[in-house]
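> 3D model of this:
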Amino acid sequence: MALARLPELVGFFSYSREDDEAFRGSLSALRDTIQRELGAQLGRTKRNFRLWQDQEAIAPGKDWEAEITRAVEQSVFFIPIVTPRAVNSDYCKFEFSSFVARERALARGDLIFPILYISVPALLDEVEWRNDPVLSVVAKRQYVDWRPFRHNAVNSTAFAQAIERFCNKIVETLREPWHSAEERRQLEAEAGRRAEEAERLRLEAEAQWQAEEEEKLRKEARAKKQADEEDANLRRQEAETQRRLAEAAERQRQESEAKRRTEEKRRKPDEQTRAAVGARPWVESDVARLADASEPETQDQPPTPWRPSRRDWVIAGVLVATMVAGAAAWRGQHRPEGEVRPQTTVTAPGSEQQKEEAHPPTTVTGPASAQQKEEAHLPTTVTAPTPAAQPQTAGSAPGPAAQPQTTAAAPAPAAENEEIHPSANLGTLTTAQERALKAGDSFKECSDCPEMIVVPAGRFTMGSPAVQGYNDEQHPQHLVTIGKLLAAAKFALTFDEWDACAARGGCRRDVSDEGWGRGRRPAINVTWKDAQTYVKWLSSVTGNPYRLLSEAEYEYAARAGGSTDYPWGDDIKLNGKPMANCVGCGSQWDGKQTAPVGSFAANAFGLHDMVGNVWEWTEDCWNPNYQGAPADGSPWTSGDCSNRVVRGGSWIINPRLLRSANRSWDSSDYRYSNLGFRVARTLAP
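Here you go, the predicted structure:
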């Protein structure tokens, strides 16, 4: 037999009259709608089914407590409207405790169907709700959250569909098998006989069990010893691994430091050498030798007329710390006819070997040898990162001697197939850099910009199978093709990133963090319109098209190539390890507050917290199912655009609502402590 087959069926509707009056009778209207829906699903009429409500059922002058007790004794299910007033009302507490006793008398534990209508902070504090006779039952039962419908008319499409699903659950429960008091007595007698037989068998087996228990203890002791030894070995191995990693890191640091110093030496000009020359206390004999050394060899040539200013110009070169350059310039001016003049070389940035050759070190210790004198007149090579630079003339000692020319050359432009490393980028990407991106690359276009991950193109099945019984909102399943690469933020937007926008006047400054801290926690209490303001500001800062993800892109990025309930599998934990923040996920933040972004492992695309922690706004308007949904991953911009789709679930809901296919909605003006967003970026084709 089932409760649904009773000749007369009565349910109890518990609420606070003050709430009903405050909302102009909306709770009474809700009760009428639920009664009509249940009557239709049960095939009942007003003669054999009613949903009892005190305001309607208790006539003036009647004893309220007696009437309530009589109604509870007749009822077989209980619908409490959970609000702060209701949980503090002595009347509601009496109704609640009376039906709990009635439920025990019916030998059932599934006949209370709470509706959370207004937020009750005590539900988030386990110590507080465990000590409350009403909240302890509400928290342990699977209540429905109708806070988003509080300001909707009961005949609105979304609210009516929620009521229909709620009534489906009640009808399913009432149709489950149930035993009357007489049947239970018979069953209890049969259970007693079976218990006696079980006791006899237990006594017979007790002696054997004692022996087995002793053996079990011995095995456990051996296993514990073995486990301790294995743990010790693992700790030693881990310590050795850490030591090796530390050594490798130190070697890498030293190599990087040596490379940096080598680069500095390679790029360092010859000022140190010239300073050394200028600082030396030259005597006149040294100057004379240098002047003679700068004279070209002429033993086999006719004598050249004497120029009285030659030594004077050499001395002047020493006095301005450029003697070597002056001597080279003078030699170039007076080289005998027929001798080839050294040419100045202009190069673009090249290989490491070319850079070494472009800056040969020069050491001056006094009068030079013949080979050193030749090296003192080598061509000068300079590279600079300025585009289309004009030729520059190096300074020299006073005099008529022509000087060697030094030219700054611009770096060669990047070819289309040039290797690009976007992960190191901290500036706006060029078109060539965007086209070189591949799946898994990351980039940041400014120091306060979100870090972006490149998501591959692909195809996936969106929604839940009908056979799994999930909400109609997730049906029908359909194929969606993401035709090209896109970039999605690695994390939900953080307070650090939001506050950077606010500091520059681009975003609101009054966004509350609920006292949990800002920094790397996700930005919460932001509306859909706030999210649009942020992406508009970010686009203006970078000059590139930032936006929100579409709903299809969000589910595609969350699944990351998988088809299981969650990005990591079908269980809310992975090998017993928490993977998200929700009520029942197993993390330290469950049901308490948001977690800092990146507190859990990334999915296969490298994205963190795609489910759990905070709901995330998407670009799409709300539609109650997928009939007519776009198949190319673009946002659905028709439907109820006063409400926008949110995805991912949050720290305050149960694991079932964290599935990759789950979807919900909020008003575009709604803000709450479990609601944030993540940015996306369109990439150049």
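
> who does residue 49 bridge with?
Taking DSSP bridges as the rule, residue 49 bridges to residue 9.

> wait, what's in contact with the closest residue to residue 644 other than its chain neighbours?
The shortest distance from residue 644 to any non-neighbouring residue, by CB to CB, 6 or more residues apart in numbering, is to residue 528 (4.6 Å). Placement of C-beta: from N, CA and C, glycine included. With contacts defined as CB atoms under 8 Å, 6 or more residues apart in numbering, the neighbours of residue 528 are 617, 644, 666, 668, 669, 670, 677.

> what's the answer for residue 633, then?
Going by CB under 8 Å, 6+ apart, residue 633 touches 480, 481, 482, 483, 550, 552, 553, 556.

> Kindly recompute the last result at 7 Å.
Residue 633 is in contact with 480, 481, 482, 550, 552, 553, 556, counting by CB atoms under 7 Å, 6 or more residues apart in numbering.

> The first one sits in which helix or strand?
Residue 480 belongs to strand 478-482 when assigned by DSSP states H and E.

> Now the next helix or strand after that strand - C-alpha only, PDB.
The element immediately downstream of strand 478-482 (helix or strand, assigned by DSSP H and E) is strand 486-489. C-alpha atoms of strand 486-489 as PDB (Å, rounded to 0.1, in the frame of the first residue of the first chain):
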ATOM      1  CA  LEU A 486      39.400  31.500 -28.100                       C
ATOM      2  CA  ALA A 487      41.000  32.700 -24.900                       C
ATOM      3  CA  ALA A 488      39.400  32.300 -21.500                       C
ATOM      4  CA  ALA A 489      40.600  33.600 -18.200                       C
END
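
> could you give the mean pLDDT of strand 486-489?
Strand 486-489 shows a mean pLDDT of 97.

> Can you tell me what sits against that strand?
Contacts of strand 486-489 with the rest of the structure, by CB under 7 Å, 6+ apart, involve 450-455, 549, 553, 557, 607, 678-683.

> That strand pairs with which strands, and in what direction?
strand 452-455 (antiparallel), strand 679-682 (antiparallel).

> Show me how far it is from its chain's centre.
11 Å (CA atoms, centre = their mean, to the nearest Å).

> Check which helices and strands the next helix or strand after it sits against.
Using DSSP H and E, the helix or strand that follows strand 486-489 in sequence is helix 495-503. Contact here means 3 or more CB pairs under 7 Å, 6 or more residues apart in numbering; DSSP states H and E; on that basis helix 495-503 packs against helix 528-542.

> Nearest the geometric middle of the chain, what residue?
Compute the mean C-alpha point of the chain, and by CA atoms, centre = their mean the closest residue is residue 491, 1.9 Å away.

> That residue and residue 574: what is the separation?
Separation of residue 491 from residue 574 (CB to CB, to the nearest Å): 20 Å.

> Also residue 119?
Taken as CB to CB, the span from residue 119 to residue 574 is 31 Å.

> just residue 96 next, same as before
Residue 96 is 39 Å from residue 574, by CB to CB.

> so where's the stretch 351-500 of the chain uncertain?
For the stretch 351-500 of the chain, residues meeting the criterion pLDDT under 70 lie at 351-426, 467-471.

> By mean pLDDT, flag the weakest helix or strand of the chain.
Least confident element among the helices and strands of the chain, by mean pLDDT, DSSP states H and E: strand 382-383 (a mean of 32).

> Correct me if wrong: the residue nearest to the centre of the chain contacts residue 598.
Yes. Using CB atoms under 7 Å, residue 491 makes contact with residue 598 at a distance of 5.8 Å.

> what do these two both touch?
Shared contacts of residue 491 and residue 598 (CB under 7 Å, 6+ apart): residue 608.

> So residue 577 versus residue 163, what's the distance?
Distance of residue 577 to residue 163, given as CB to CB: 39 Å.

> do the same with residue 82
Distance from residue 82 to residue 163, by CB to CB: 16 Å.

> Mind checking which of the two has more residues around it?
residue 82 (26 against 22; other CB atoms under 10 Å).

> List the contacts of that one.
Residues near residue 82 by CB under 7 Å, 6+ apart: 114, 115, 116, 117, 120, 138, 143.

> Restricted to strands, list these.
Residues of the contacts of residue 82 located in strands (DSSP state E): 115, 116.

> May I see the contacts of residue 82 organised as a markdown table, with distance to residue 199 and pLDDT added?
Converted to a markdown table, these look like this (distance: CB to CB, whole Å; pLDDT from 0 to 100):
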| residue | distance to residue 199 | pLDDT |
| --- | --- | --- |
| 114 | 40 | 93 |
| 115 | 45 | 92 |
| 116 | 46 | 92 |
| 117 | 50 | 92 |
| 120 | 47 | 89 |
| 138 | 39 | 86 |
| 143 | 41 | 85 |
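
> Can you lay out the contacts of residue 82 as TSV showing neighbour count and distance to residue 533?
Formatted as TSV, those follow (neighbours: other CB atoms under 10 Å; distance: CB to CB, whole Å):
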residue	neighbour count	distance to residue 533
114	24	38
115	25	35
116	17	31
117	25	31
120	22	32
138	22	38
143	18	35
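
> just the contacts of residue 82 now: which is nearest residue 206?
Closest to residue 206 out of the contacts of residue 82 is residue 138 (43.7 Å), distances taken as CB to CB.

> excluding its backbone neighbours, what's nearest that closest one?
With CB to CB, 6+ apart, the residue lying closest to residue 138 is residue 114, at 4.6 Å.

> go on, residue 661?
Closest to residue 661 by CB to CB, 6+ apart is residue 464, at 4.5 Å.

> That neighbour touches residue 474, doesn't it?
Yes. Here residue 464 reaches residue 474: they are 4.1 Å apart, a contact under CB under 7 Å.

> list the residues that contact both of these two?
Residues touching both residue 464 and residue 474 by CB under 7 Å, 6+ apart: residue 661.

> number of nearby residues for residue 188?
Using other CB under 10 Å: residue 188 sits among 9 other residues.

> what residue ranges in the stretch 101-250 of the chain score low on pLDDT?
Scanning the stretch 101-250 of the chain for pLDDT under 70 picks out 181.

> Please report how far residue 80 lies from residue 551.
Relative to residue 551, and taking CB to CB, residue 80 is found at 34 Å.

> what does residue 462 give?
Taking CB to CB, one finds residue 462 at 9 Å from residue 551.

> Neighbour count for the two, which is higher?
Using other CB under 10 Å as the criterion, residue 462 and residue 551 rank with residue 551 on top: 28 against 22.

> Report the contact partners of the closest residue to the more buried one other than its chain neighbours.
Nearest residue to residue 551, sequence neighbours excluded (CB to CB, 6+ apart): residue 620, at 4.2 Å. Neighbouring residues of residue 620 by CB under 7 Å, 6+ apart: 550, 551, 635, 636, 644, 645.

> quick one, phi psi at residue 620?
Main-chain dihedrals, residue 620, degrees, to the nearest 10: phi -80, psi 150.

> what comes up buried for the strand holding residue 480?
480, 482 (16 or more other CB atoms under 10 Å).

> ok, residue 204 - contacts?
By CB under 7 Å, 6+ apart, the contact list for residue 204 is empty.

> secondary structure class for it?
Under the three-state scheme (DSSP: H, G, I helix; E, B strand; the rest coil), residue 204 adopts helix.

> And for residue 185?
Following three-state DSSP, the label given to residue 185 is helix.

> neighbours of it, just the number please.
Close neighbours of residue 185, defined as other CB under 10 Å, add up to 11.

> So which of the contacts of strand 486-489 is the closest to residue 243?
Of all the contacts of strand 486-489, residue 243 sits closest to residue 451, with 31.4 Å by CB to CB.

> pLDDT weak spots in the stretch 551-685 of the chain?
Short version for the stretch 551-685 of the chain, where the test is pLDDT under 70: none.

> which residues of it fall in helices?
Here the stretch 551-685 of the chain has its helices, by DSSP state H, counting those that start in this stretch, at 551-559.
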